[in-house]
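Student: Make a model of this:
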Amino acid sequence: MRYKYSIISAVVAAASFLYGHPGFTQVLGTADNFAVLGSSTVTNAGSTDVTGDVGVDPGSSIVGLAGDPGIVNGTTYTAGAVALQAQNDATLAYNGLVGMSSTSVLTGTDLGTLVLTPGVYTFAATAQLTGPLVLNAQGLNNAAFVFQIGSTLTTASSSSVSLINAGLNDGIFWDVGSVATLGTNTSFIGNIFANQGITLADGAGINGRAIALNGAVTLVDNNISNTSVESPNGFDNGLMYGTDGEIVPVSNPVATPEPATVYLLCLGLALWPLKRFLSWKMI
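Tutor: Numbering: from 1, shown residues only. Below you'll find the predicted structure:
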């Protein structure tokens, strides 16, 4: 009998670890479903195409994205529980990204023409992108690029961000202290968390997400997708919530185990009594 209770206790403990441990929480939370998320309004002019959900909260205005003229390949949410939860999750992620330890300070450096490897890059105030920025994931799985920007992010016309040598489940995160402005025909990748608003000029595109925590998202003839062939998850991986609620790289040696490992543990513990029963029947 004591074997039975020991097994049950072990399974319960493992399940509690799996479902209660903060390490298994998605960094983006429910905001992962969104391609565009605003606070006051989401406004579009022109034939913008959005793949992913669009939401606004606490505001209730989404203009120009109901097929007239822009389209949303997803669901729109205004001033309700879904958009509110996504905003709360995005705010938590924003604050967690701010708190990550910097690996390189780039204050005063134009991001254009740089080639960067995974890390946490910090700008005390503004960040400027003029030309191409190349992110080299070095073939690593769960490679994470984090940009901590104290105030504004601005890109010049026809600037670009590209990822090379990608592994599986790489992540790119832009944590912007005030406003993000993408210039005409900018080709951008990653998840933008702007503390205020986000403006995309004519023809700018994002493979990732545009999330404004306390302002508007303004669009003009843009293409925004939170999924693609290159990145089915919209560059939302590489990071996780650690044991103390801080955001850490998935590859961090103190990070919690992958969920699949614990699932296998629970399955093994659950099937152990069957193995004992079959062994007894064969005697």
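
Student: and this protein, what are its domains?
Tutor: Domains of the chain are assigned by automatic domain parsing as 2-21+256-281, 29-241.

Student: out of those, which comes closest to residue 250?
Tutor: Nearest of the domains of the chain to residue 250, taken as CB to CB: domain 29-241 at 4.1 Å. Where you see a C-beta, it was placed from the backbone N, CA and C, and this is true even at glycine.

Student: From the opening residue of that closest one to its closing one, how far?
Tutor: 11 Å (CA to CA, to the nearest Å).

Student: What mean pLDDT does that domain get?
Tutor: For domain 29-241, mean pLDDT is 96.

Student: got the phi/psi numbers for the residue most central in space within the chain?
Tutor: In the chain, the centroid-proximal residue (CA atoms, centre = their mean) is residue 236; its distance is 3.4 Å. Main-chain torsions, residue 236, degrees, to the nearest 10: phi -110, psi 10.

Student: For the domains of the chain, please prepare JSON lines with the additional fields distance to residue 247.
Tutor: Shown next, in JSON lines, are these (distance: least, CB to CB, whole Å):
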{"stretch": "domain 2-21+256-281", "distance to residue 247": "13"}
{"stretch": "domain 29-241", "distance to residue 247": "4"}
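
Student: returning to what we had before: for the residue nearest to the centre of the chain, which non-adjacent residue is spatially closest?
Tutor: Nearest residue to residue 236, sequence neighbours excluded (CB to CB, 6 or more residues apart in numbering): residue 28, at 5.1 Å.

Student: residue contacts, the one you found?
Tutor: 89, 90, 93, 191, 209, 236 (CB atoms under 8 Å, 6 or more residues apart in numbering).

Student: quick one: secondary structure of residue 82?
Tutor: Put simply, residue 82 is helix when judged by DSSP: H, G, I helix; E, B strand; the rest coil.

Student: how about the helices in this protein?
Tutor: Ranges of helices in the chain, per DSSP state H, are 2-20, 81-98, 259-281.

Student: ranking those helices by mean pLDDT, which is last?
Tutor: Lowest mean pLDDT of the helices of the chain: helix 2-20, a mean of 39.

Student: Now do residue 104: how many residues are near it, please.
Tutor: 11 (other CB atoms under 10 Å).

Student: Just to check, it is in contact with residue 123?
Tutor: No: counting by CB atoms under 8 Å, residue 123 is not a contact partner of residue 104; they are 10.4 Å apart.

Student: Can you tell me how far the closest residue to residue 207 other than its chain neighbours is from residue 79?
Tutor: In space, and not counting its chain neighbours, residue 207 is closest to residue 189: 4.6 Å by CB to CB, 6+ apart. Applying CB to CB, to the nearest Å, the value for residue 189 to residue 79 is 30 Å.

Student: higher neighbour count, those two?
Tutor: residue 189 (23 against 14).

Student: need the contact list for that one.
Tutor: Here residue 189 is in contact with 135, 161, 162, 163, 172, 206, 207, 208, 231, 235 (CB under 8 Å, 6+ apart).

Student: Quick check: beta-bridge partners of the second one?
Tutor: Yep, that's residue 161 we're talking about. residue 133 (DSSP bridges).

Student: ok, now which ones touch residue 47?
Tutor: 69, 70, 71, 221.

Student: And the contacts of residue 28, which is closest to residue 109?
Tutor: residue 191 (21.6 Å).

Student: what number of residues lie near that closest one?
Tutor: 28.

Student: now residue 125
Tutor: There are 12 residues near residue 125, going by other CB under 10 Å.

Student: Please apply the same query to the one 3 residues further on.
Tutor: With neighbours defined by other CB under 10 Å, the count for residue 128 comes to 16.

Student: contacting residues for the closest residue to it other than its chain neighbours?
Tutor: Distances taken as CB to CB, 6+ apart place residue 110 nearest to residue 128, at 5.1 Å, with adjacent residues excluded. By CB under 8 Å, 6+ apart, residue 110 lies in contact with 128, 129, 130, 131.

Student: where does residue 110 fall, phi/psi-wise?
Tutor: Here is the backbone geometry of residue 110 (degrees, to the nearest 10): phi -70, psi 130.
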